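A.B. asks: here is a sequence together with a model predicted from it:
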Amino acid sequence: MWKKIYEWLDERLGLNAMYTNLLDRPEPRGNWWNTLGSASLFLFVLQGLTGIFLTVYYTPSPDHAYDSITYIMEGVAFGWLIRGIHHWGATLMVVVVFIHMLRVFVTASFKYPRELTWLIGIGLFLTTLGMGFTGYLLPWNQRAFWATTVGTQIAGTAPLVGEFILKALRGGPDLSALTLQRFFSGHIWMLPAALAGLIGVHLYLIIRHGESYYPNKED
Amino acid sequence: MNNETKKKLNERYERELNRGERFWPDTIFKDVIVSIGIFTLLIILATFVGVSPEPKADPSDTSYIPRPEWYFLFLFKFLALYGQIPLLGKIEWIATVLVPGIAIGVLTLLPFIEKNPNRYYGKRVLPISIMAIMVVGIVLLTLLSDVPTVSADGSTLLGTLQAISGLVIPGLAMVLLFLMSFVFKTTTRLMVWTTVLAAVSMILISGTVLALAPAPEVAETEVPTTLVDQIVAGQDLYSVHCTECHGDDGSVAVIEGVEGLEGEKITPINSRDVLYTITDSAMSEVIAYGRPNAGMTPFGKAYGGELSKSEIDYMIVFMRYMWDDRFEAPKLKPLFPALAEGEVPSYNVHIQPIVKRYCVSCHREGKTNNNYLMTSYEEILTTGDNVANNIIAGDENSYLLQVIQEHPIMNPEKPDEELIRVMPLNRTLKPNIVDVFIRWIMNGMPQTAEEAATLSTTPTPAVTPTP
Ligand code: HEM
């Protein structure tokens, strides 16, 4: 019975081909440091899932953002857990992605033929930081408000384009409802979409070239 | 890179594959273990550390010291240290845009900068040394982020030390490493030692700074998150700021005893007229902006008052749940635990909440009160024009006890003039509160509950379980 279903699906989806191409691949002898990339991926998925739950109650307006977060923490069953995971997951993701980058740097895995993987990786790193920056404002508490005020101010010190960047980030001269709306949209749509796309290419390249091996004196 | 090298590299990779593992299950097995570990860690963090509550954003409170997410702290510190450099420090964008821009640019273009095919770390001493110094620097700047560059006494010693360990040493070390690598062509051993020396001295100097730095004040602001906590916080704030005009329960219709507003007729703010017609956000505006024409001063920080947005919100929560008949009040704890026979009250458990609710509105900085401040244990015992007579341990003629029992103190020089009127003005305290004050002063004003317990004559009876 199961076999039949499997065969039917395989005929249409090509499960066997997927298995041989994606899973049953040879890899150089592994190393625990090489798990950090997939750990980043895991954290990205986890942040996505917990984030989706949070948007069920979160309201991106200066009047209600703070109260909606309080409600998630106090009123929603396991709301504190979901928010707690999302909060600490963000911190951990930055750490894990950074260490992943360091390990790629130390083993010189960015060299031929993996240069493009590295370039995409830098995009991933910056986008991850962007997620942290935009997400920080959303609870609309004192810390969030003033950190973002100063953060955007710093972006505004750039010569020539600073003024424009500042206004584009804030949606006006000051932090306002518009800023919150912008950061929200960036945090739940634009940056995750960019991140997902980049991760797709990153993974494709990794499968295409295989993981690098741990270098020794010969290299 | 020519095709020859590429071919060699690919052949080398094939060899490694042949003596390697399978992606499924070998590689995935390790990945899954690490992911499960991370998930467990997150659940532990979320459960036992949690997310610390913060007050609501208040755009008018410019005194708030901004603190970015921790992984940007090193950049903040870098900016602060850079700003100390004479002349150059004034050109902000060098530190905010140029330096980070170069760092990210180099990092991005790394595969095209470091083009040789060498992968073994022994053959990549320069890049690894530079990265090591950067990472040590980032970690140290993050740790130093709470240490001010100028100490309270105006000394810039700590600032200078921080600049040395956070900017000068890493900067010099990097320049030196480049020179060693390209100009002097020294041995790699020397470069490794240079890096180690730089890193160790950075760590030692930063450690000294951290040891010397004054312990940062942990301003643990309790943020009331549950409804009950918010109501209590609101009531305390209301008692301090509003009772003199609106009374304990908001029922005052004619203001008495307030300079300039004597006899002013007002709508009781606990009435439906006010509660039903003014929405929460309008109420918040009224309190923040006051009613300057009618005589109510502004309370919001934005208009020169002293209350934050969150604090005003708590007061509104209090007003709604206690006065507005459309809201059902949750069960609140009593202001202080009732006293048993022979039990002595303490400042921490009994007096403080009472004073906060009934006395501090007048007895704090900036009010007429014979300079008698009551916001802390020390103040209550050591301030006031009549400090010698206000509180005398074991003396029932202490002025404080007299005035709260409706006996004004007469001026000894002009016997028909009141020196101290009945306290609190315009109101009588309930007998159980007066009793707390009497027992406290008669037993020598203990501060903590433990001190009070040793003074109690009969041991506190065990709490009888409520049926
Ligand atoms: C959201 C962030 C990221 C995700 C989800 C991710 C995911 C992965 C995964 C699953 C792997 C294969 C396993 C491993 O080698 O650890 C990998 C490898 C790699 N990553 Fe990332 N990565 C991220 C960020 C970065 C960053 C910031 C860089 C560097 C700038 C980078 C550069 C690379 C390179 C060059 C490889 C190939 C390593 C090799 O073949 O040994 N990645 N990444």
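C.D. replies: Yep, that arrived. Numbering: from 1, shown residues only, chains lettered A, B, ... in the order given.
A.B. asks: what segments of the chain are strands?
C.D. replies: No chain specified, so I'll use chain A. Using DSSP state E, the strands of chain A run over A:26-27.
A.B. asks: ah, I was thinking of chain B
C.D. replies: Under DSSP E, chain B gives strands at B:21-22, B:409-410, B:418-420.
A.B. asks: can I get these in CSV with mean neighbour count, distance to chain A and mean pLDDT?
C.D. replies: Every residue, glycine included, has its C-beta placed from N, CA and C. CSV is the format used below for those (neighbours: other C-beta atoms under 10 Å in any protein chain shown; distance: least, C-beta to the nearest C-beta, whole Å; pLDDT from 0 to 100):
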stretch, mean neighbour count, distance to chain A, mean pLDDT
strand B:21-22, 16, 5, 87
strand B:409-410, 16, 45, 86
strand B:418-420, 17, 41, 85
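A.B. asks: look up how far chain A lies from B:Trp193.
C.D. replies: B:Trp193 sits 19 Å away from chain A, going by C-beta to the nearest C-beta, to the nearest Å.
A.B. asks: what is the burial count for that residue?
C.D. replies: Residues lying near B:Trp193 (other C-beta atoms under 10 Å in any protein chain shown) number 11.
A.B. asks: how near is it to the ligand?
C.D. replies: 29 Å (C-beta to the nearest ligand atom, to the nearest Å).
A.B. asks: what of B:Val34?
C.D. replies: From B:Val34 to the ligand the distance is 10 Å (C-beta to the nearest ligand atom).
A.B. asks: including distance to the ligand, could the strands of chain B go into JSON lines?
C.D. replies: Listed next are the strands of chain B as JSON lines, based on distance: least, C-beta to the nearest ligand atom, whole Å:
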{"stretch": "strand B:21-22", "distance to the ligand": "13"}
{"stretch": "strand B:409-410", "distance to the ligand": "73"}
{"stretch": "strand B:418-420", "distance to the ligand": "70"}
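A.B. asks: which of the ones you listed sits closest to A:Leu180?
C.D. replies: strand B:21-22 (48.5 Å; C-beta to C-beta).
A.B. asks: name the surrounding residues that touch the closest one.
C.D. replies: A:Asp24, A:Arg25, A:Pro26, A:Glu27, A:Pro28, A:Arg29, A:Gly30, B:Thr27 (C-beta atoms under 8 Å, 6 or more residues apart in numbering or on different chains).
A.B. asks: name the nearest residue to the first one, ignoring sequence neighbours.
C.D. replies: In space, A:Asp24 comes closest to B:Trp24 once its chain neighbours are excluded; the distance is 6.0 Å by C-beta to C-beta, 6 or more residues apart in numbering or on different chains.
A.B. asks: that neighbour and A:Glu27 touch, don't they?
C.D. replies: No: if you go by C-beta atoms under 8 Å, B:Trp24 and A:Glu27 don't touch, sitting 9.6 Å apart.
A.B. asks: among the two, which residue is more densely surrounded?
C.D. replies: Taking neighbours as other C-beta under 10 Å, B:Trp24 and A:Glu27 compare with A:Glu27 leading, 20 against 14.
A.B. asks: what about residue 70, neighbour count?
C.D. replies: I went with chain A, as the question did not name one. Should you count by other C-beta under 10 Å, A:Thr70 turns out to have 20 residues around it.
A.B. asks: should've been chain B
C.D. replies: 12.
A.B. asks: residues of stretch B:92-103 that come out buried?
C.D. replies: Neighbour counts over stretch B:92-103 (16 or more other C-beta atoms under 10 Å in any protein chain shown) mark B:Glu92, B:Trp93, B:Ala95, B:Thr96, B:Val97 as buried.
A.B. asks: so which of those reach chain A?
C.D. replies: B:Glu92, B:Trp93, B:Thr96, B:Val97 (C-beta under 8 Å from any C-beta of the partner chain).
A.B. asks: contacts only, for the last one.
C.D. replies: Spelled out, that is B:Val97. A:Thr157, A:Ala158, A:Pro159.
A.B. asks: now, which of those residues sits nearest the ligand?
C.D. replies: A:Ala158 (23.3 Å; C-beta to the nearest ligand atom).
A.B. asks: for B:Asn369, see how far away the closest one is.
C.D. replies: For A:Ala158, the distance to B:Asn369 equals 53 Å [C-beta to C-beta, to the nearest Å].
A.B. asks: select the longest helix from chain B.
C.D. replies: helix B:188-212 (DSSP state H).
A.B. asks: pLDDT on that helix, on average?
C.D. replies: Mean pLDDT, helix B:188-212: 93.
A.B. asks: quick check: the residue of the stretch 301-450 of chain B nearest the ligand.
C.D. replies: Counting by C-beta to the nearest ligand atom, the stretch 301-450 of chain B gets nearest the ligand through B:Ser310, at 35.6 Å.
A.B. asks: do you know the pLDDT at that residue?
C.D. replies: B:Ser310 is given a pLDDT of 84.
A.B. asks: tell me if I'm right that it and B:Ala57 touch.
C.D. replies: No: here B:Ser310 lies out of contact with B:Ala57, judged by C-beta under 8 Å, at a distance of 9.0 Å.
A.B. asks: neighbour count: those two, which is higher?
C.D. replies: Neighbour count, other C-beta under 10 Å: between B:Ser310 and B:Ala57, B:Ala57 has more, with 26 against 21.
A.B. asks: what are the boundaries of the helices in chain A?
C.D. replies: Under DSSP H, chain A gives helices at A:2-13, A:15-18, A:36-57, A:65-74, A:79-106, A:115-137, A:142-155, A:162-170, A:177-185, A:191-209.
A.B. asks: let's have those helices in CSV, adding distance to B:Ile287.
C.D. replies: Shown next, in CSV, are the helices of chain A (distance: least, C-beta to C-beta, whole Å):
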stretch, distance to B:Ile287
helix A:2-13, 64
helix A:15-18, 64
helix A:36-57, 28
helix A:65-74, 18
helix A:79-106, 30
helix A:115-137, 26
helix A:142-155, 19
helix A:162-170, 28
helix A:177-185, 22
helix A:191-209, 39
